[in-house]
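[1] Would you be able to build a 3D model of this:
(2 chains)
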Amino acid sequence: MFWNLLKKELREVLTISNIIVAVVLALVYASIGGSVGDIEEEASKKPVISVVNLDAGEYGRVVQQSVGSFAEVIYSGENIEEGLDMLKEHGGTALLLVDESFTNSIQSGEKARIKIFWLLKGLGIMDTISSTVFEGFSENIEKQISMLLMNHYNVKNPTLVIDPIDKVDTTMFQEKIFENSSPSQLLNFTSSQSTMTSIVIMMLIIMAGSTVISSMGLEKENKTLETLLTMPVNRSYIVFSKILASAIAGLVMASIYMVGFNLYMKPFTASLPASFNLTLSPTDYVMVAFSLFSALLCGITLAMLLGVMSKDFKSAQTMTFPLSALAIFSGLITMFKDFSTLTTPLKIVVFAIPFTHPMLSIRNLLFGNRSFVLYGCVYNVVLAIFLVILITKIFSTDLLIIGINFKRKERVNAAN
Amino acid sequence: MKAAEVVDLKKNYGSIQALRKISFEIEEKEIFGLIGPNGAGKTTTLRIISTLLRPDFGSVKVFGYDIASTPQMVRQFISYLPEDAGAYKELTGLEYLKFIARFFAKDQIEFQHMTEKGVQIAKLGDRINSKVSTYSKGMVRRLLVARALMTNPKLAILDEPTSGLDVLNAQEVRKIIKDYVRNGGTALLSSHNMLEVEYLCDRIALINKGQIIKTGTPKQLKEEFDAPNIEEVFTEVIRCSGTY
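    Next up, the predicted model:
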């Protein structure tokens, strides 16, 4: 009987149209990712530039020589118009204009001027990468000229004058010491590991939750639930079949989304140093999976509880909001603040939200904080069991049929 | 044995009394009709007998089994058809019938028989293999009536079985119910269509504001109130009982 119910539930929640929508959205994500291209690849490319050097002096030559190692020079001459035309033609980044008085100014103790004409193609991140790369060149030029000047003025150790401090970062976090790592490097590393998990959790909860709430709303609207409840079938089977079917549907849909989302995120994910020695063991992966599954169960049972309160499909749609809000709240707060730095009341609230635990699981396991993940799993399992018992009890009461309504008149009308 | 015995049944929704101590009995192999206006308490009564709602007071026995203490037993030989019900839209008509038959059939042969009977009652032709979402209202209702009767229930509880149907479909559904009782079944139905009840039912109970005002055969009631039809009997009964 359970398989009969499960099969029916799967047919209802995993429809062809639902899968097509998920696949189309995944393709949209993937195509956006594809069109953006690979940021790292783009950043490693030499910027295409034109150089108009009107200075025949020593320092003008320095600029001319060093520019070749930084960029692909497509024009080198004395005509600005020609340089700009070549730049436009080749889709270049900038035109570098070295004043005719460049060397004279430096030699006479005045500031020299290099004028850069930027050819901006767009205001997107990808459009401005080559200009960002070229900005690094101007800093380098300054250093080279400073070195030359210091040599000229017989400064003993020009390298030390230019870069007198060697900054060495050591970051301490949760009783671990990370040599040669700044907090921002550590944050980048952990974020790359846990952000994706948070997004997967949010998608999973929202997908599976809305599926089960809609299913309950439809059952009530079509009165198919009334029919089912008068069948000689254990009511806990009805509850379990709905939970399991929604969990399967949620996993399938989230997997489809994540394939697309992964392709979308790929260009934005910069490679990170692997010097932190922070890795997950097979046991850790099992704990992450269990944490994820327990949160999914909680999400579905919570959704079912909300679905019980709905009267029809339309009212069921509004019931998805509290669930999505909880998932988003949990995702955002753990993204901006570490759990350990939250105030006690906020800690209690965040811990009580079952979706927090898988979102924080990878971060905690990376730093060897297994007990937090374990407590989270235990809490989620206890909560899910409590909710299943509560829902099964509600399935045996009048509440499921007459609904939870505080307006007497509506209740009577609903019953008659 | 009585098909159903309802004794002093009470049901409240908050401070509103939906049923006020109603009592009636249904004999085996009869069609018993509960008739009354909207909000009279018909659906609440049917839902209690179908084990969907719990009574606040009184008792209901279906073929000797108490609905409060042995609901699972009662569910084995009843079949409930709610008013304006639908079927699972992602299933075909045939898949829906098979889905229901699996809850009742003890073996493959019985399952096969039930499904065939369902297809026969529904009379949907090739459309039985189409998705329910493509059915008209009349087709869905025929499918649901077939679902309710194919499992050979000892008591079929039908809430407004012809509600919202056109003349031809309503006539077809009435014929199906008559055939089912002729073959040994018992039916309890509710309706606010007095003429339909007069045609279908062996006995009727007039209900208004949660109270049974009168019970009897259509012929007895018409004679008692010297009325040409049940509609006029109902008007007269309500006027005399002071429940209007």
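
[2] and the stretch 151-300 of chain A, which of its residues are near chain B?
    Contacts of the stretch 151-300 of chain A with chain B, taken as CB under 8 Å from any CB of the partner chain, map to A:218, A:221-224, A:226-227, A:229-233. Heads up, the C-betas are built off the backbone N, CA and C, glycines and all.

[3] In helices only, show me the residues you listed.
    Of those, the ones assigned to helices by DSSP state H are A:218, A:221, A:224, A:226-227, A:229.

[4] quick one, what contacts the most centrally placed residue in chain B?
    For chain B, B:L158 is the residue whose C-alpha lies nearest the centre (CA atoms, centre = their mean; 1.8 Å). Shown in contact with B:L158 (CB atoms under 8 Å, 6 or more residues apart in numbering or on different chains): B:81, B:145, B:148, B:177, B:187-190.

[5] if we go to 10 Å?
    For B:L158, the contacting residues are B:31, B:33, B:46, B:79-83, B:144-145, B:148-149, B:173, B:177, B:180, B:187-191, B:200, by CB atoms under 10 Å, 6 or more residues apart in numbering or on different chains.

[6] do A:V52 as well
    Listed by CB under 10 Å, 6+ apart, the contact set of A:V52 reads A:75-84, A:95-99, A:115, A:117.

[7] what are the ranges of the strands in chain A?
    A:48-53, A:72-77, A:94-98, A:114-118, A:170-173, A:176-179 (DSSP state E).

[8] next one: chain B
    Secondary structure of chain B (DSSP E): strands at B:4-13, B:16-26, B:31-35, B:57-62, B:65-66, B:78-81, B:155-159, B:186-191, B:203-208, B:211-216.

[9] would you turn the ones you listed into CSV with distance to A:P345 and mean pLDDT?
    As requested, the strands of chain B are exported to CSV (distance: least, CB to CB, whole Å; pLDDT from 0 to 100):
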stretch, distance to A:P345, mean pLDDT
strand B:4-13, 39, 93
strand B:16-26, 42, 92
strand B:31-35, 56, 93
strand B:57-62, 47, 94
strand B:65-66, 51, 94
strand B:78-81, 49, 94
strand B:155-159, 51, 94
strand B:186-191, 54, 92
strand B:203-208, 55, 91
strand B:211-216, 55, 90
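
[10] Just tell me which of those strands ends up closest to A:S184.
    The closest of the strands of chain B to A:S184 is strand B:4-13. By CB to CB, the value is 61.6 Å.

[11] ok, and for the closest one, which residues are buried?
    Using 16 or more other CB atoms under 10 Å in any protein chain shown as the test for burial, strand B:4-13 gives B:4-6, B:9, B:11, B:13.

[12] does it come close to chain A?
    Yes: Strand B:4-13 comes into contact with chain A (CB under 10 Å from any CB of the partner chain), by way of B:11-13.

[13] ok, so of the residues you listed, who is nearest chain A?
    Comparing the residues of strand B:4-13 next to chain A against chain A with CB to the nearest CB places B:Y13 closest, at 4.7 Å.

[14] my guess is the closest one meets B:R47, correct?
    No: using CB atoms under 10 Å, B:Y13 and B:R47 do not qualify as a contacting pair, with a distance of 11.9 Å.

[15] Thank you, goodbye.
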